[in-house]
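Q: fold the stuff below for me.
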Amino acid sequence: MANTKSARKRAEKSEAQRQKNRAARSRMRTAVRKARVAVESGAADAAAQVAEAVSVVDSSASKGLVHKNAAARTKSRLAAAQKRSAK
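A: Numbering: from 1, shown residues only. Just a heads-up that it's a prediction; the model follows:
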C-alpha cells in the first residue's frame, strides 16, 4: 500500500492506465478476430473488416501497446489470409 500522497496518486494513475491499456488491447484483439473470421468464412465485408483491423493494430503500435514488429506481423498474416481466400 502506498505510504505517501505522491505514491498513492501514482498507484491510482497506474491502475487507470492499466485499465485503458486492457480495453485498447481487447479492442485490437477483437478487431483481428472478427477480420480473421470474416476472411475464413468468405464474408462480403471481409475487406472492410481487414481494413478496420489493420487500422486498429496500427494505432495500437503507435501508442506502444504492441511492438511495431508484432503489429506488422499481424497485419501481414491478415493480408496473406485475405489473399488466400480471394483465390
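Q: so for stretch 46-56, what's the average pLDDT?
A: In this model, stretch 46-56 has a mean pLDDT of 96.
Q: pull out the buried positions in that stretch.
A: Across stretch 46-56, burial judged by 16 or more other Cβ atoms under 10 Å covers 46, 49, 50, 52, 53, 54, 56. For glycine as for every other residue, the C-beta is placed from the backbone atoms N, C-alpha and C.
Q: nearest to residue 72 among these?
A: When the buried residues of stretch 46-56 are compared for distance to residue 72 (Cβ to Cβ), residue 54 wins out at 10.4 Å.
Q: which strand or helix spans that closest one?
A: Taking DSSP states H and E as the criterion, residue 54 maps to helix 46-62.
Q: how far off centre is the helix or strand following that helix?
A: Downstream of helix 46-62, the first helix or strand assigned by DSSP H and E is helix 68-86. Taking the mean of its C-alpha atoms, helix 68-86 sits 13 Å from the chain's own mean (Cα atoms, centre = their mean, to the nearest Å).
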